[in-house]
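Trainee: Next input, structure requested:
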Amino acid sequence: MGLPAGTGLRRTPGLRREELATLAGVSVDYYTRLERGRETNPSGAVIDAIAGALRLCADAHLRLHELAELASGRFTEPRPTADDTVRDSVLQLLETLRPAPSYVVSRFNYVLAANPGGRRLMPGLWDWPPEQRNITRYLFLHPVGRALYVPWEETVAQSVAHLRAVGGADPDDPRLAALVGELLLKSPEFAEMWNRYEVLERGGGEKRYAHPTVGDMTLTFEVMQLARTGGQRLVTYQAPAGSAARKAAWSLDAD
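Mentor: So this is what the prediction gives:
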C-alpha cells in the first residue's frame, strides 16, 4: 500500500484514518471533516485520490463521485420517477425479441413486463402480485429463486451490489427503503451482503441456470437503459446458434 509496516495488533482490518489520508495526499484534519460530513465540496482530484487509496473498482469510483455531488448539491441527474408504465413501443420490442427471453425492470429491479420466455425464465415470480415482483427479492425469498442460479451466492452478491449502485443516487427512495427493510428483516444472507457496501453496475454478462423445466443452461445477457423512463432497463438473453442452451431457452417461449 506504500506505507511502512505498523506495530501491534489491529482490532479491525483495513486502513486507519491517518493512513488513508496519507495515501490520498490530504491532511488528516481535512479527511476527518470529509468523513464526518463537515466538508461537502471536495474536488474531483480529491475524490480520485481517495478512490485510488481505497483501490475502488470503476463502478465504486463512479459512485463515490456521485455521492460527493449529492452532498455538495451539484448532482443534476433527474431523479427517477415512480411511474412503472412501460411504453407501448417497448412492449412491441419485447414481442420482436421472441423467442429470446426478455423483460423490463425498474431502477430497483422490479419486473414490469416480459415476453413469454422472460416470464418462464424465472418460475414462480409471476405468481406474486406486481408490487412484489422484484428480482432481488425473488433471489432471496422464493424457493425457486434460491435454486435457479448456479452458483447462487455469486448471483445474489452481484444483485445486491447492483441494488447498492443504482440506489446511491436516491438512497431515501421509499420503494428502495421498503424493499431493503423487508430483506434485512427476512434474510440474514441479504443483511450480510448489504453491509459489505459493494457496488456494481451490471451491463451484461453470463448466467448459469438449473431451470426446473428445461434443465441446465448457460446464457449471456445484455442490459439496455431505456431513455426517459426514470431508470427502466431492458434485459435480453442469448445463447450460440445450434447450442443446447439456445434450444432450452427458446423452448421457454412455446405456447
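
Trainee: Apart from its neighbours in sequence, what residue is nearest residue 143?
Mentor: residue 124 (7.6 Å; Cβ to Cβ, 6 or more residues apart in numbering). (Glycine included, C-beta is placed from N, CA and C.)

Trainee: what's the answer for residue 93, then?
Mentor: residue 234 (7.1 Å).

Trainee: which residues touch the helix or strand where that neighbour lies?
Mentor: Element membership of residue 234 [criterion: DSSP states H and E] is strand 233-238. With Cβ atoms under 8 Å, 6 or more residues apart in numbering as the contact definition, strand 233-238 has outside contacts at 90, 93-94, 97, 100-105, 117-118, 121, 207, 219-226, 246, 249.

Trainee: Inside helices: which ones of those?
Mentor: The members of the contacts of strand 233-238 that map onto helices under DSSP state H are 90, 93-94, 117-118, 121, 246, 249.

Trainee: returning to that earlier point: partner strands of the strand holding residue 234, with direction?
Mentor: strand 102-105 (antiparallel), strand 215-225 (antiparallel) (DSSP bridges).

Trainee: ok now do the residue nearest to residue 143, which residues does it touch?
Mentor: Neighbours of residue 124 in contact, by Cβ under 8 Å, 6+ apart: 138, 142-145.

Trainee: so of these, which ones are in helices?
Mentor: 138, 145.

Trainee: which of the contacts of residue 124 are buried?
Mentor: Neighbour counting with 16 or more other Cβ atoms under 10 Å marks 138, 142, 145 as buried within those.

Trainee: Residue nearest the middle of the protein, spatially speaking?
Mentor: With distances taken as Cα atoms, centre = their mean, the residue of the chain nearest its centroid is residue 162 (1.1 Å).

Trainee: Where does that residue fall, secondary structure wise?
Mentor: helix 152-167.

Trainee: if you average pLDDT over the next helix or strand after that helix, what comes out?
Mentor: Moving toward the C-terminus from helix 152-167, the first helix or strand encountered (DSSP H and E) is helix 174-186. For helix 174-186, mean pLDDT is 93.

Trainee: re earlier: between the ones in helices among the contacts of strand 233-238, which sits nearest residue 214?
Mentor: Closest approach between these and residue 214, by Cβ to Cβ: residue 249, at 7.3 Å.

Trainee: Give me the residue ranges of the stretch 151-255 of the chain where confidence is low.
Mentor: The stretch 151-255 of the chain contains residues with pLDDT under 70 at 169, 202, 255.

Trainee: quick one, domains of the chain?
Mentor: Domain ranges of the chain: 17-72, 88-251, per automatic domain parsing.

Trainee: Show the contacting residues for residue 145.
Mentor: Each residue near residue 145 by Cβ under 8 Å, 6+ apart is listed here: 122, 124-125, 138-139.

Trainee: now, the most widely separated pair of these?
Mentor: For the contacts of residue 145, the farthest-apart pair by Cβ to Cβ is 124 and 139; their separation is 11.7 Å.

Trainee: How far does the helix or strand containing residue 23 sit from its chain's centre?
Mentor: For residue 23, the host element (DSSP H and E) is helix 17-24. Distance of helix 17-24 from its chain centroid, counting by Cα atoms, centre = their mean, to the nearest Å, is 29 Å.

Trainee: Offset the numbering so it begins at 466, please.
Mentor: From this message on, residue numbering opens at 466, which makes the last subject helix 482-489.

Trainee: May I see the buried residues of it?
Mentor: For helix 482-489, burial by neighbour count (16+ other Cβ under 10 Å) applies to 484-489.

Trainee: ok, back up a step: check which helices and strands the helix holding residue 627 sits against.
Mentor: helix 600-606, helix 639-651, helix 653-659 (3 or more Cβ pairs under 8 Å, 6 or more residues apart in numbering; DSSP states H and E).
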